[in-house]
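Visitor: Model the following, please.
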Amino acid sequence: MKRITPQSPEGPQKRRRQPQVSCDSCRKKKLKCDRGVPCSSCVVRGLSCTGQPPPQKGVAQQRTPAPVPASVPGTDDSILGRLRRLEDAVFGSGAGLSGRESPDPAPVSTSTGLIPDSLAHHDRQSVEEDESYASSQLSSRRPAVDSERQQTAKFLDSTFTRHGLNVTLPHAKMDYHVARVANFPKTPTTTATTPGLTPQSDQDTRPTITWLMTLSEARALLRDFVTNLFHILPILHVPATSALIESFYASLSLGSEPPDQSHAALILAIAGTSAFFYAEGSEAHQIFASADDATRTAMSWFRSALAALNPAQPPPASGGRLAEVQARSILAYLMYNFEGCSARFRFLHSCSLSAAKEGCLHLIDSPAFESRDDVPTREIKRRVWWHIVSTDWMLGLMGGPIDGTYAIHPRHMNVNQPRNINDDEASLADEFLNHPPSKLTTTACFIRRIQLADIARRIIDARDPQSPEAEITDLDKVTTLDLLFADALASFPPFLRPEGPLPADAPRHFALQRDVVLLGFHSRRARLHRPFLLRDDDDAACRSSRDTCLTSARVVLSVALRILRGSQAREPSRGDRMGCRLGCVVGHMFMACTILALNAGHDTGREAVAPEAGGAAVDATTETHAEVAEACGALAAFGEESAVAARLVQNLVGVLRRYRVQGLDEVVVSDDADKAPGLPDPKVETDRGRDTAEEGESTADYAWMLNNNTETSLDGLWDGIIGDGSTAFGWDQLFADLDPYCGV
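Guide: Modelled structure (predicted):
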């Protein structure tokens, strides 16, 4: 019998545990782990793969090597170095990183930093929750690890919503023909297009043949798009987009199917925007025979891009999601400049928002969101997302069917705001580079647009929850909200202020960008005070609000006139066409004219002039009439470049003449405004026997703009509202009907 020695332990002897190399799931299930991040076993099972030490390369990028101690006599320095590298590889997630600031960016804040937080308590309770929610994320950056059952439930959910379950729908195959733009076929058309006017509509037939420009012309159109950032759309990464164009044309030359229809849509959207804002002296100037040819080609490319994004087309791959969102955003912007804030523009905007959510752009900086994008791609995605968000929030303060609403709540996203940087590769690649707001960069105006959108959202949140479409009539609340505009405008650096000096290194067309931003701020400020403009009481507080409204309207008018006349000292001579075709300029100018005109005849502080008396107005009224008449004359002149301006001035002049506004006799309304450019000629269509129901609906959409004798025209609207007296409801209703013409 074996004798048990007292020195032997009672239990099994414990040995030192080796560092864990398998993930937690494989170790628990005793499966073979390939030590990937994530491992193949967890990928197949849809589980979260955690527990492995980080790879050596990632640790080397984030960890600062600890100083090697002084050499001890008799030791080899190379052995100590190798031992140090081995410790970094095995224990890289240890205390070495605990004292260093986390490289993850701070969570999103819905405020821009320029709006004081002390004003948040004047908004609705939801605004306060937004702020507290954003700040609470600072202490909870690490996501909670789901249990195995939760991970399994999420995996099963994804099987119902993933893209692989899409049913193939019948669709027309896109047939791409590549040729020089000058060699595009000039097919006969029944559409009467007035020279120099923006086409507004065309027959809704999706093309089966898509004519593409050559590769060299596509490169030139891309360079023209990114160098002329008058559109405030810095949502393209030039190297990535250039590589996308090269790859697309390479696949066409090989005769294979293009990798993604969204790539074709993005190329066509970029080309269409550059063609629509065609101007002499640009890099793409030699591509088109004339301005009219560029406009027609832009419309053709616009329709082809929409056809490529048809839902019946195969869904884009994961790599094409960003291209699809970029294409939809650019097409929505182009539609806005075609016909203003129309139903079609709002529809295209909602499509871009849906595509952005499908691509998870609202979760870019979420701790639980795994992304393998590089730093420049993540920054571009942030810009694309915030462009869509800012557009959505500003649309909620423009009247129309979606007035007082927005689709993107701040608590439903986690995306940092874009950085104030230039678009060079070094700045995009440095994730920690962010210039102060006083630094002029290519994204300075884009960031101010986001700031304006945040103010618009706060105003919407401050409305009565029972009547979101009703404007705020509480004077104290309006005064508090006006501080948001006052503080934002006061924080503008000199180069963002009217007539402010521009640095020598200012980006091209920055002056036009600055004026567009000023239009947005002052027009929304005038809209905030607009309910007090036509009140009959002579209260001092209301008088101050009216003065603010009129001051902002006059700023809008002066800035818009400066843009449309192309009088900027730093703007090239070809820049006026761009300003004339920017829909926001015409829309904001139109609203400023209506505010000044209505104030001229309704200001209780002036002598009322009966229309039948034909008396002379006082000096102040005469001055206002002169301002409005000058603006109408400018709009009439710019009708040669923009169909939106041509139609608005025709109706506006008719309204102002009915209201006895002086100085309108010299305003000549273009005869071409009697019919919408781009719409079929009714006589021609009747002769050709093409009076289809679809075309009838298209023509009817614009009928009220074309016929001043109809009851739905602005003249008829004016008679119906003020014919029986200038009631408060009538004025409010008039403004509400004018709202859809304001710009974004």
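Visitor: Dump the C-alpha coordinates for stretch 286-301 into PDB.
Guide: Output of stretch 286-301 as PDB, limited to C-alpha atoms (Å, rounded to 0.1, in the frame of the first residue of the first chain):
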ATOM      1  CA  GLN A 286     -15.700  72.900 -73.900                       C
ATOM      2  CA  ILE A 287     -17.900  69.900 -73.400                       C
ATOM      3  CA  PHE A 288     -21.200  71.700 -74.300                       C
ATOM      4  CA  ALA A 289     -22.000  73.700 -77.400                       C
ATOM      5  CA  SER A 290     -24.000  76.300 -75.500                       C
ATOM      6  CA  ALA A 291     -25.800  76.900 -72.200                       C
ATOM      7  CA  ASP A 292     -29.100  75.600 -73.600                       C
ATOM      8  CA  ASP A 293     -27.300  72.400 -74.700                       C
ATOM      9  CA  ALA A 294     -25.900  72.000 -71.200                       C
ATOM     10  CA  THR A 295     -29.300  72.500 -69.600                       C
ATOM     11  CA  ARG A 296     -30.900  69.900 -71.900                       C
ATOM     12  CA  THR A 297     -28.100  67.400 -71.200                       C
ATOM     13  CA  ALA A 298     -28.400  68.000 -67.500                       C
ATOM     14  CA  MET A 299     -32.100  67.100 -67.600                       C
ATOM     15  CA  SER A 300     -31.300  64.000 -69.600                       C
ATOM     16  CA  TRP A 301     -28.700  62.800 -67.100                       C
END
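Visitor: let's number from 7 now, not from 1
Guide: Yes, from this point I'll number from 7; that puts the last item at stretch 292-307.
Visitor: Any buried residues in it, and which?
Guide: 293-294, 297-307 (16 or more other C-beta atoms under 10 Å). For glycine as for every other residue, the C-beta is placed from the backbone atoms N, C-alpha and C.
Visitor: go on, stretch 375-384?
Guide: Within stretch 375-384, the residues that qualify as buried by neighbour count (16+ other C-beta under 10 Å) are 382-384.
Visitor: Need the pLDDT of Ala300.
Guide: What the model reports as pLDDT for Ala300 is 89.
Visitor: my bad, Thr716
Guide: 34.
Visitor: ok so, going back, inside strands: which ones of the buried residues of stretch 375-384?
Guide: Per DSSP state E, strands hold no members of those.
Visitor: need the buried residues of stretch 292-307 in TSV with secondary structure, can you?
Guide: Formatted as TSV, those follow (DSSP: H, G, I helix; E, B strand; the rest coil):
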residue	secondary structure
Ile293	helix
Phe294	coil
Ala297	helix
Asp298	helix
Asp299	helix
Ala300	helix
Thr301	helix
Arg302	helix
Thr303	helix
Ala304	helix
Met305	helix
Ser306	helix
Trp307	helix
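Visitor: with the buried residues of stretch 375-384 in mind, which one is nearest to Glu93?
Guide: Nearest to Glu93 among the buried residues of stretch 375-384 is Arg384, at 31.4 Å by C-beta to C-beta.
Visitor: which residues touch that closest one?
Guide: Counting by C-beta atoms under 8 Å, 6 or more residues apart in numbering, Arg384 touches 370, 377.
Visitor: switch to 6 Å and redo it
Guide: Each residue near Arg384 by C-beta atoms under 6 Å, 6 or more residues apart in numbering is listed here: Ile370.
Visitor: any weak-confidence spans in the stretch 7-156 of the chain?
Guide: 7-25, 59-84, 95-153 (pLDDT under 70).
Visitor: Please apply the same query to the stretch 607-750 of the chain.
Guide: 607-627, 644-651, 660-750.
Visitor: Mind giving me the packing neighbours of the lengthiest helix in the chain?
Guide: Assignment by DSSP state H gives helix 546-571 as the longest helix of the chain. Helices and strands touching helix 546-571, by 3 or more C-beta pairs under 6 Å, 6 or more residues apart in numbering; DSSP states H and E, are helix 516-535, helix 581-587, helix 589-608, helix 625-644.
Visitor: Show me where this structure has its strands.
Guide: Counting by DSSP E, the strands of the chain are 181-184, 215-218.
Visitor: tell me the most buried of the ones you listed?
Guide: strand 215-218 (a mean of 18; mean count of other C-beta atoms under 10 Å).
Visitor: I'd like the mean pLDDT over that one, please.
Guide: For strand 215-218, mean pLDDT rounds to 89.
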